[in-house]
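[1] With the sequence up front, the predicted model follows.
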Amino acid sequence: MGLTVTEKIIANHLVQGEMAPGKPIAIRIDQTLTQDATGTMAYLEFESIGIPRVRTELSVSYVDHNLLQSDFRNADDHRFLQSIAEKYGLYFSRPGNGICHQVHLERFAAPGKTLLGSDSHTPTAGGAGALAIGAGGLDVAMAMAGQPFHLNMPEVVGIYLTGELQAWVSAKDVILELLRQLSVKGGVGKVMEYFGPGVETLSVTDRGAIANLGTELGATSTVFPSDQVTKAFLKAQKREDNWVELVADEDARYSQVIEIDLTSLEPMIACPSSPDKVVRVRDVAGKPVSQVIIGSCANSSYRDICVASQALQDRSIDRNVSFEINPGSRQVLENADVAGALKNLIHAGARIHQCGCLGCIGMGQAPATDTISLRTFTRNFPGRSGTKNDQVYLCSPETAVASAIKGVITDPRDLGAAPEVSLPEEYIVNDNGIIPPVEDGSSVEIIRGPNIKPLPDFEPLPEDLHGKVVLKVEDNITTDHIMPAGSKILPLRSNIPAISEYVFSAIDPDFSIKAREAGNVIIVGGENYGQGSSREHAALAPRYLGVRAKIVKSFARIHKANLINFGIVPMTFEDPEDYHKVQQDEELVIPGLRQALLSGADSVTVKRPSGDTFVVRLDLSERDRFILGAGGLLNWVKAQLSAE
Ligand code: MIC
Ligand code: SF4
């Protein structure tokens, strides 16, 4: 039987397991990436493994999330990361050089390679035919140490594209349509692989935008074939050597095929406050907007900036709108400048910011109270923008610019003639924002600021778990709820004691106090618990506060892996109705939990104070069980190393 692109890449990298959907496998990782907000912790973890140099083909450390140097802490983190890169043989992409996913696509992503990144939107590189997966920092640290990455073999869903996008409709509309159909949990356990005649009508950066937002489906990754379009892109990036052809076999089998006729798509928009609340733009047209931003790793490529520029020819921004541009990379900015695209933007009144994540992670650009903000970003989870009760909509650059001109949500087709952007045959490539690895970094001193605190130690799991349900939450809780970001909290990413004060702070401001008082803590939740960001701080900081188990209806992939890595036992209700039984603040007992885990039991009984019981499932691999028993992955690895 023929293979899909995903299966071909996995087969080439398989070091353990069998390629049967849902079964545990381990794959070799060729490339890694980190960004500053997850990177500081990932490198503290890497250091603690004790390897002198990274063992991947290529590892890159990006600084893009926190560029707001409001005090010494952030600048210290940047220096720490630069010195780590120099010591351990990594590329270092300097602050302002661009968003990790955009820069990686431009400069490093290569067809057929595996990439593991400590950021959930790492699959963007799937636009260039890589199998790129987001993971927690510790998993990335392990990959840098040459260890394989463990995951369950995904199902491969085929997205069959036909036709061609019409004027004013773009890649973002394709993935918004898919989010409308499948929801934020529609991709869990799956890789979305695109094929069919419509694929060749999409550029690599368009494919990157689609692959990027595949993360919001909960998908493990998104993969595009590597074809002549990929070759032309790599050539334009002066990296034609990285090209190999990679397409699915004619008789490849997908677990499911979803057909999208590109010709029939129209501009789409995700309403507050979830990326899957998608409707047609014309269904919400006319609502006044106060802010419009083009940016983020989803939509800040050369094309996206040029679309906005062309649409603004002889037009101006509405007087009530703040129109902002966050270019994806310095390469985008430089090429847009040379092509003359900045002129219209500046003239029309756009606020042009530096290249980075900025408002996407709440680092500035918070919208005004009770107003609508339209963004080409990835996520609109409640409060992520930095404003309470925010109303953030997600859309394409076309819809964004049209709405900025009109001052109300606008179907861009109302503007008349559409922009026609042609991509450069050769981009101006200037890598002076990327510092390459040095031959021998052994004498380099790591520069550690006072806010960089060592990793806390965690004890192994007790035989019986007694824990208090300090918090019970609903469905679709995001890692932004568990461990918020934004300008106040992001500078604490390398300081676990300090950041732990903010765990669940948006839901219960006293959570950290209550958790510490409770001793052992159990969290109860609904479906798709932990969706969104890959931040391992959403496991590490709760663990620091005493969280030992989570009982939910279902988990998002990366968060579940992070819980295991930090010794928090992920459990699911055998009968989802039992969710209603458990009350906040009650004490639960799980007798023999450790033994159950280590003996491979697939369920355990939980006792409520009333004497009533319910059953929870332990859906875990053998490796997961050992890690949990040891109290986390670092404990387990260290125990193994000392036993050698
Ligand atoms: C995000 O978009 O939520 C982030 C910020 O990029 C996160 C990473 C982080 O929290 O540092 C992600 O997507 O993984
Ligand atoms: Fe940065 Fe936003 Fe992309 Fe996350 S989603 S990497 S915060 S631009």
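    The structure has been received and is ready for your questions. It should be emphasised that the depicted structure is a prediction, and the values quoted were computed from it without experimental measurement. Numbering: from 1, shown residues only. Ligands and ions are numbered 1, 2, ... in the order given.
[2] buried stuff in the strand or helix carrying F626?
    Using DSSP states H and E, F626 sits within helix 622-630. Within helix 622-630, the residues scored as buried using 16 or more other Cβ atoms under 10 Å are 624-630. To be clear about C-beta, it is placed using only N, CA and C from the backbone, and glycine gets the same treatment.
[3] List the contacts of that helix.
    The contact list for helix 622-630, computed with Cβ atoms under 8 Å, 6 or more residues apart in numbering, reads 24, 150, 460-461, 564-565, 567, 569, 594, 597-598, 600, 618, 620, 633, 636, 639.
[4] Now, of these, which are buried?
    Neighbour counting with 16+ other Cβ under 10 Å marks 24, 150, 461, 564-565, 567, 569, 594, 597, 618, 620, 633, 636 as buried within the contacts of helix 622-630.
[5] At the contact with ligand 1, which residues of the chain appear?
    37-38, 65, 119-121, 134, 361, 485, 532-535 (Cβ under 6 Å from any ligand atom).
[6] how about those residues, which pair is most distant?
    For the residues of the chain next to ligand 1, the farthest-apart pair by Cβ to Cβ is G134 and A485; their separation is 15.6 Å.
[7] Run a quick neighbour tally on P436.
    Neighbours of P436 under the rule other Cβ atoms under 10 Å: 10.
[8] Which part of the stretch 451-600 of the chain gets nearest to ligand 2, residue-wise?
    S533 (7.0 Å; Cβ to the nearest ligand atom).
[9] Work out for me the element that residue sits within.
    Assigned by DSSP H and E, S533 belongs to no helix or strand.
[10] quick one: contacts for it?
    119-120, 478-480, 485.
[11] which non-adjacent residue is nearest R180?
    Of all residues not flanking R180 in the chain, V278 sits nearest, at 3.6 Å (Cβ to Cβ, 6 or more residues apart in numbering).
[12] What of K113?
    Closest to K113 by Cβ to Cβ, 6+ apart is D30, at 4.4 Å.
[13] Let me know how buried that neighbour is, in neighbour terms.
    21.
[14] same question, the one 5 residues further on
    Burial of Q35, expressed as a neighbour count using other Cβ under 10 Å, amounts to 31.
[15] Assess the claim that it and V63 are in contact.
    Yes: Q35 lies in contact with V63 (Cβ atoms under 8 Å); the separation is 7.2 Å.
[16] which residue ranges form the strands in the stretch 301-450 of the chain?
    322-325, 351-352, 372-375, 391-394, 434-435 (DSSP state E, counting those that start in this stretch).
[17] and the nearest residue to S316 once chain neighbours are set aside, what pLDDT?
    Nearest in space to S316, with sequence neighbours left out and distances taken as Cβ to Cβ, 6+ apart, is A348 at 5.2 Å. For A348, the pLDDT comes out at 97.
[18] what's the spacing between A348 and ligand 1?
    Between A348 and ligand 1 the computed distance is 28 Å (Cβ to the nearest ligand atom, to the nearest Å).
[19] now do P436
    To ligand 1, P436 is 25 Å away according to Cβ to the nearest ligand atom.
[20] Can you pull up the most central residue in the chain?
    Closest to where the C-alpha atoms of the chain average out (Cα atoms, centre = their mean) is S120, at 1.7 Å.
[21] Isn't the residue nearest to S316 up against D314?
    No: using Cβ under 8 Å, A348 makes no contact with D314, being 9.1 Å away.
[22] Can you pick out the residue with more neighbours from those two?
    Neighbours were counted for A348 and for D314 using other Cβ under 10 Å; A348 has more, 20 against 7.
[23] In contact with the more buried one, which residues?
    A348 sits next to 312, 315-317, 323 when contact means Cβ under 8 Å, 6+ apart.
[24] Need the max-distance pair from those residues.
    Maximum pairwise distance in the contacts of A348, criterion Cβ to Cβ, is 11.1 Å, between R315 and F323.
[25] Of the two, which one has the most company?
    Set side by side, R315 and F323 show more neighbours around F323, with 26 against 16, by other Cβ under 10 Å.
[26] Could you provide the residues of the chain next to ligand 1 in CSV, with additional columns for pLDDT?
    Listed next are the residues of the chain next to ligand 1 as CSV, based on pLDDT from 0 to 100:
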residue, pLDDT
A37, 97
T38, 97
H65, 98
D119, 98
S120, 98
H121, 98
G134, 98
I361, 97
A485, 96
G532, 97
S533, 97
S534, 97
R535, 97
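[27] what's the spacing between T56 and ligand 2?
    Following Cβ to the nearest ligand atom, the distance that separates T56 from ligand 2 is 20 Å.
[28] should've said G441
    On the measure of Cβ to the nearest ligand atom, G441 and ligand 2 end up 27 Å apart.
[29] Quick one: residues contacting that residue.
    If a contact means Cβ under 8 Å, 6+ apart, then G441 has 53, 86-89 as its contacts.
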